[in-house]
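Asker: missing the sequence, but the structure's below:
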């Protein structure tokens, strides 16, 4: 309940940028005290900035935090995570990208005796909890997303080959393919795709028809797992039952 309210407040601020506390209280029909507590928590996570009489969103599209993403499009990510996990087969070697959607995947994986390679520090505890064989890439830690990136991470992929890879994406478009704001994350994703039999990008419908700074794949190089049918991209979207 509380996390859903956080998500709704963040969406409201994405649209309005700056809001009075009273406006948020009225919009969601909750007390001023509750709104103030929520905003205090969101400020601690670095997602908003409290100002006199109101609050504004901290909107850095070039470095979205894992905490912020965890509160956005939760229902859509659950749908995508469940569909993606259903593709994994027994005894496969898979790659899971760092991110909130791949984190949600873990609890839905039914396949047995699989090995998971990941660059996501946020995913490790979840994978261990469910008893999977796990390999964590070495490299530099990107604090905002808890992802391991850099030359060491890219070079360490030389020793692996994956049956399937599941990658996050910030934007998808016909003109710019799959893209992300971070060049180092793009380098890692490119290498993973080269080392995988098949690669999937996990994209809710808010990611389509957009472009981020760095392209890491053409649409034809991956399969898209989405939360719903996107007619224009139908040929690229995996038909998951």
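Answerer: Here it is on my side, so go on. The structure presented is a predicted model; accordingly, all values stated were derived computationally and were not measured. Residues are numbered from 1 along each chain as shown.
Asker: So which residues of this structure form strands?
Answerer: Remark: strands assigned in the chain by DSSP state E are 18-20, 48-51, 54-57, 93-96, 115-118, 133-136, 140-142, 147-149, 162-168, 171-173, 177-180, 196-203, 214-217, 223-226.
Asker: Other residues contacting the fourth one?
Answerer: Strand 93-96 is touched from outside by 88, 102, 105-106, 114-118, 120, 123, 127, 160-167, 192, 195-196, with contacts defined as C-beta atoms under 8 Å, 6 or more residues apart in numbering. For glycine as for every other residue, the C-beta is placed from the backbone atoms N, C-alpha and C.
Asker: Do me a favour and average the pLDDT over it.
Answerer: Strand 93-96 comes out with an average pLDDT of 98.
Asker: Could you pull out the buried residues of that strand?
Answerer: Buried residues in strand 93-96, counted by 16 or more other C-beta atoms under 10 Å: 93-96.
Asker: bridging residues for the closest residue to residue 164 other than its chain neighbours?
Answerer: Closest residue in space to residue 164, ignoring its immediate chain neighbours: residue 94 at 4.9 Å, by C-beta to C-beta, 6 or more residues apart in numbering. Taking DSSP bridges as the rule, residue 94 bridges to residue 116, residue 164.
Asker: Can you tell me how far residue 94 is from residue 76?
Answerer: 22 Å (C-beta to C-beta, to the nearest Å).
Asker: For the chain, which element, helix or strand, carries the lowest mean pLDDT?
Answerer: helix 66-70 (a mean of 50; mean pLDDT, DSSP states H and E).
Asker: Distance to residue 10 added to the strands of the chain, as JSON lines?
Answerer: Listed next are those as JSON lines, based on distance: least, C-beta to C-beta, whole Å:
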{"stretch": "strand 18-20", "distance to residue 10": "11"}
{"stretch": "strand 48-51", "distance to residue 10": "8"}
{"stretch": "strand 54-57", "distance to residue 10": "7"}
{"stretch": "strand 93-96", "distance to residue 10": "25"}
{"stretch": "strand 115-118", "distance to residue 10": "26"}
{"stretch": "strand 133-136", "distance to residue 10": "30"}
{"stretch": "strand 140-142", "distance to residue 10": "21"}
{"stretch": "strand 147-149", "distance to residue 10": "21"}
{"stretch": "strand 162-168", "distance to residue 10": "18"}
{"stretch": "strand 171-173", "distance to residue 10": "19"}
{"stretch": "strand 177-180", "distance to residue 10": "21"}
{"stretch": "strand 196-203", "distance to residue 10": "19"}
{"stretch": "strand 214-217", "distance to residue 10": "25"}
{"stretch": "strand 223-226", "distance to residue 10": "21"}
